[in-house]
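[1] Dropping the sequence and predicted coords here.
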Amino acid sequence: MTDVKLSNAQIAWRAAQDIEDGAYVNLGIGFPEMVAQYTVEGREAIFHTENGVLNFGPAPKPGEEDWDLINAGKKAVTLKPGAAFFHHADSFGMVRGGHLDVAILGALQVAQNGDLANWRVGNKGVPAVGGAMDLVHGAKRVAVITDHVTKKGDPKLVDSCTFPLTGVGCVTRVYTSLAVVDIEDGHFVLREKLPQLSMDELRAVTGAELHLDGDVGELIVPEL
Amino acid sequence: MDKTCPGLKEAVAEIPDGAVVMIGGFGGSGAPIELIHTLIDAGPKNLTVINNNAGNGKIGIAAMIDAGMVAKMICSFPKSSDPRAFTDRYMAGEIELELVPQGTLAERIRAGGAGIPAFYTPSSYGTELAEGKPVAEFDGRPYVQERWLKADYALIKAELADPYGNLTYRMAARNFNPLMAAAAEKTIVQAHKIVPAGDIEPEQVITPGIFVDKIVEVADAKQEEELIRAGVTYD
């Protein structure tokens, strides 16, 4: 097994390439927020945040924050021309009502049937779910960005999730540090993999069968 | 009609022990800090508090929890940059938690204000948060039944208010505030400015005054996030 893999920035870059012009997009808190930095030149993405803002922009300069203008991660953001504010029920109506084109979320585990676990590791400590269980329903595409394996080296693409579920059968595509995998009819279907990686090497770190459907593309990402 | 109240103390004085209190805000934005701190001064006990979060640092809802006033939190995300107040009480078994997905929390509050006792949502289906709740299929997909949330009181932060209780909000400080204003038996508002009737354009009103009972002007209201970053504590 080679130790070659994409950085988080490179995974975010790859996910950003699939955001079409004019898309309404929700990025989960943390790592997924990085996707906004790599939107494709010439395409416009309108970002939605659960706490009631559409078309927000990047963080302001330090010292210029307005703490009434934040995203769901409670980080200060800015507004783009054409932005809108709305209350929380409207905001989640946009989510569940099928109005978002894509939601990009992090994951602890994704199962081959599209189940997602991303809110809780076990039963210890204070549970906190936020908007995770809502965001997995309604967007036309629910994509996950994640390292292919855990820090310990365990697969994050699994047969069935062992961590508490966030949603059932909800994920449509996974961008990992090694591959791009679609979920179709209860299976992982490999779309792209790092060219340096053999199929056997990839299968060894994937916790469920990787199906093939035609050619596997090369996952090629610029140095970032 | 004049819903103006002379001071914060008078505004919250009637909130009794055991009340269910919705508190607007998402993190620090839209949090009615001055109403909360005046409520701590008044000291009712055994409250159920409904908010997206469960307090941060040593102010606001965290200070209510530290003061031992909160028996139960209904929220989606009881974590923050400094969640010590809630975490300590929760781990000690001294505070009850009803964890609700954020969109479900918003819709339950909206339903409470709109007179809809229950509704179905896809959120939480197949997860531990749906355990024990009725499930029904619509157009071939499963949905979880959720019930309305109502409160005895709502504490709201607005930007402008007029004597009729019509309200506007500042930027993303709107969040849960308009929903909670409608879902409480009595809605108490702190507004940055109270303006004469007619000064808020009817087209600009976000919360119509029918949902509002008392308004207090707090011209120099503090922003919770700024207080936390400055290390301010309630006492």
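    Yes, it's here.
[2] show me the contacts for residue B:32.
    B:23, B:24, B:25, B:155, B:156, B:157, B:189, B:190, B:221 (C-beta atoms under 8 Å, 6 or more residues apart in numbering or on different chains). Just so you know, the C-beta spots here come from the backbone N, C-alpha and C atoms, and that holds for glycine as well.
[3] I meant to write residue B:171 there.
    Taking C-beta under 8 Å, 6+ apart as the criterion, residue B:171 is in contact with A:53, A:66, A:68, A:69, A:85, B:29.
[4] Quick check on it: phi, psi?
    phi 40, psi -130 (degrees, to the nearest 10).
[5] any idea which helix is longest in chain B?
    Secondary structure of chain B per DSSP state H: the longest helix is helix B:102-114.
[6] Show me what that helix is packed up against.
    If you count contacts as 3 or more C-beta pairs under 8 Å, 6 or more residues apart in numbering or on different chains; DSSP states H and E, helix B:102-114 packs onto helix A:88-96, helix A:132-135, strand B:118-121, strand B:141-147, helix B:177-183.
[7] so where do the helices sit in the chain?
    No chain was given, so I picked chain A. A:8-16, A:88-96, A:132-135, A:199-204.
[8] that's the wrong chain, I meant chain B
    B:8-12, B:33-42, B:60-66, B:84-91, B:102-114, B:177-183, B:224-229.
[9] tell me the angle of the longest helix of chain B relative to helix A:88-96?
    Relative orientation of helix B:102-114 versus helix A:88-96 (axes from the mean of the first three to the mean of the last three C-alpha atoms, to 10 degrees): 130 degrees.
[10] Can you tell me which residues in chain A are near chain B?
    With C-beta under 8 Å from any C-beta of the partner chain as the criterion, chain A meets chain B at residues A:49-53, A:66-70, A:74, A:85-89, A:91-92, A:95-96, A:115, A:125-134, A:137-138, A:164-168.
[11] Can you tell me which of the helices of chain A is most buried?
    helix A:132-135 (a mean of 30; mean count of other C-beta atoms under 10 Å in any protein chain shown).
[12] And for that one, what's in contact with it?
    By C-beta under 8 Å, 6+ apart, helix A:132-135 touches A:26, A:28, A:50, A:92, A:95-96, A:103, A:105, A:118-119, A:142, A:166-167, B:101-104, B:123-124, B:127, B:129.
[13] about what we covered before: closest to residue B:82 among the contacts of residue B:32?
    Taking C-beta to C-beta as the measure, residue B:82 lies nearest residue B:25 of these, at 15.9 Å.
[14] about what we covered before: could you dump the helices of chain A to JSON lines with mean pLDDT?
    Shown next, in JSON lines, are the helices of chain A (pLDDT from 0 to 100):
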{"stretch": "helix A:8-16", "mean pLDDT": "98"}
{"stretch": "helix A:88-96", "mean pLDDT": "98"}
{"stretch": "helix A:132-135", "mean pLDDT": "96"}
{"stretch": "helix A:199-204", "mean pLDDT": "97"}
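[15] picking that back up, tell me which residues of the longest helix of chain B come out buried.
    B:102, B:103, B:104, B:105, B:106, B:107, B:108, B:109, B:110, B:111, B:112, B:113 (16 or more other C-beta atoms under 10 Å in any protein chain shown).
[16] Need the winner for burial among the helices of chain B.
    helix B:177-183 (a mean of 28).
[17] Make sure residue A:170 is actually in contact with residue A:137.
    Yes: with contact defined as C-beta atoms under 8 Å, residue A:170 reaches residue A:137; the gap is 6.5 Å.
[18] hmm, back to that, please name whichever of the helices and strands packed on helix B:102-114 is nearest to residue B:44.
    Across those, closest to residue B:44 is helix B:177-183 (C-beta to C-beta), at 18.0 Å.
[19] Who are the packing partners of that closest one?
    Helices and strands touching helix B:177-183, by 3+ C-beta pairs under 8 Å, 6+ apart, are strand B:20-23, helix B:102-114, strand B:151-161, strand B:184-194.
[20] So for residue A:170 and residue A:137, which residues contact both of them?
    By C-beta under 8 Å, 6+ apart, no residue touches both residue A:170 and residue A:137.
[21] Contact partners for residue B:42?
    B:9, B:12, B:13, B:15.
[22] one more time with 10 Å
    Neighbouring residues of residue B:42 by C-beta atoms under 10 Å, 6 or more residues apart in numbering or on different chains: B:8, B:9, B:11, B:12, B:13, B:14, B:15, B:16, B:69.
[23] how close does it sit to residue B:36?
    For residue B:42, the distance to residue B:36 (C-beta to C-beta, to the nearest Å) stands at 11 Å.
[24] now swap in residue B:206 and tell me
    21 Å.
[25] and if you look at residue B:139?
    43 Å.
[26] can the contacts of residue B:32 go into JSON lines with extra columns for distance to residue B:227 and pLDDT?
    Formatted as JSON lines, the contacts of residue B:32 follow (distance: C-beta to C-beta, whole Å; pLDDT from 0 to 100):
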{"residue": "B:23", "distance to residue B:227": "16", "pLDDT": "98"}
{"residue": "B:24", "distance to residue B:227": "16", "pLDDT": "98"}
{"residue": "B:25", "distance to residue B:227": "13", "pLDDT": "98"}
{"residue": "B:155", "distance to residue B:227": "17", "pLDDT": "98"}
{"residue": "B:156", "distance to residue B:227": "19", "pLDDT": "98"}
{"residue": "B:157", "distance to residue B:227": "14", "pLDDT": "98"}
{"residue": "B:189", "distance to residue B:227": "20", "pLDDT": "98"}
{"residue": "B:190", "distance to residue B:227": "15", "pLDDT": "98"}
{"residue": "B:221", "distance to residue B:227": "11", "pLDDT": "96"}
